[in-house]
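Q: Pasting a predicted model and its sequence here:
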Amino acid sequence: MESETNFQSEPFKSQLESLTQTIRSMSQDVKGDTVALLAILRTLEVLHREIRESWFREALPDNRQALYALLKEIEAYGGWPYIPRASLRSLLQKLTLDLEEEDSPSSNES
């Protein structure tokens, strides 16, 4: 499969590693800034959707042999990429637990 060859090429791997390091560095630089971290996550989500809906969809195989090769690649190297969203419910549960810990008499008596 042509794309497998491109993916494993040294320039591509180097660019991908550089991009990964840039995102990690940006995230570390704004550590503790929820709004900035949220902006990074939103950008990644938009990029994920854009790549999936345009270039990836256009690159999907058009025959069984190529589709089989792609499915083997997906199975062998980590599955289907997915960016889960934090649910409002999970954020509220965390807030509730934090508030309960602050109000707990046992946490104040120690």
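A: Yep, it's here.
Q: how about the nearest residue to residue 23 once chain neighbours are set aside, phi and psi?
A: Leaving aside its sequence neighbours, residue 23 sits nearest to residue 40 (CB to CB, 6 or more residues apart in numbering; 6.9 Å). In this view, the C-beta of every residue, glycine as well, is placed from N, C-alpha and C. In terms of degrees, to the nearest 10, the main-chain angles of residue 40 are phi -60, psi -50.
Q: Residue 27 is in contact with residue 40, correct?
A: Yes: if you go by CB atoms under 8 Å, residue 40 and residue 27 touch, sitting 5.9 Å apart.
Q: which regions of the chain lie under the pLDDT threshold?
A: Applying pLDDT under 70 to the chain picks out residues 1-8, 83, 86, 88, 91, 94, 105-110.
Q: And the helices in it, which stretches?
A: Counting by DSSP state H, the chain has these helices, from start to end: 2-7, 10-29, 34-51, 57-59, 64-76, 88-103, 105-109.
Q: helices and strands around the second one, which ones?
A: The contact analysis (3 or more CB pairs under 8 Å, 6 or more residues apart in numbering; DSSP states H and E) places helix 10-29 against helix 34-51.
Q: What is the helix it packs on packed up against?
A: In terms of contacts (3+ CB pairs under 8 Å, 6+ apart), helix 34-51 is packed against helix 10-29.
Q: ok and the helix it packs on relative to helix 34-51, angle-wise?
A: Angle, helix 10-29 to helix 34-51, by axes from the mean of the first three to the mean of the last three CA atoms, to 10 degrees: 150 degrees.
Q: Tell me how far helix 10-29 lies from the chain's centre.
A: Computed by CA atoms, centre = their mean, to the nearest Å, the chain-centroid distance of helix 10-29 equals 13 Å.
Q: Check stretch 26-36 too.
A: Centroid displacement of stretch 26-36 relative to its chain, using CA atoms, centre = their mean, is 16 Å.
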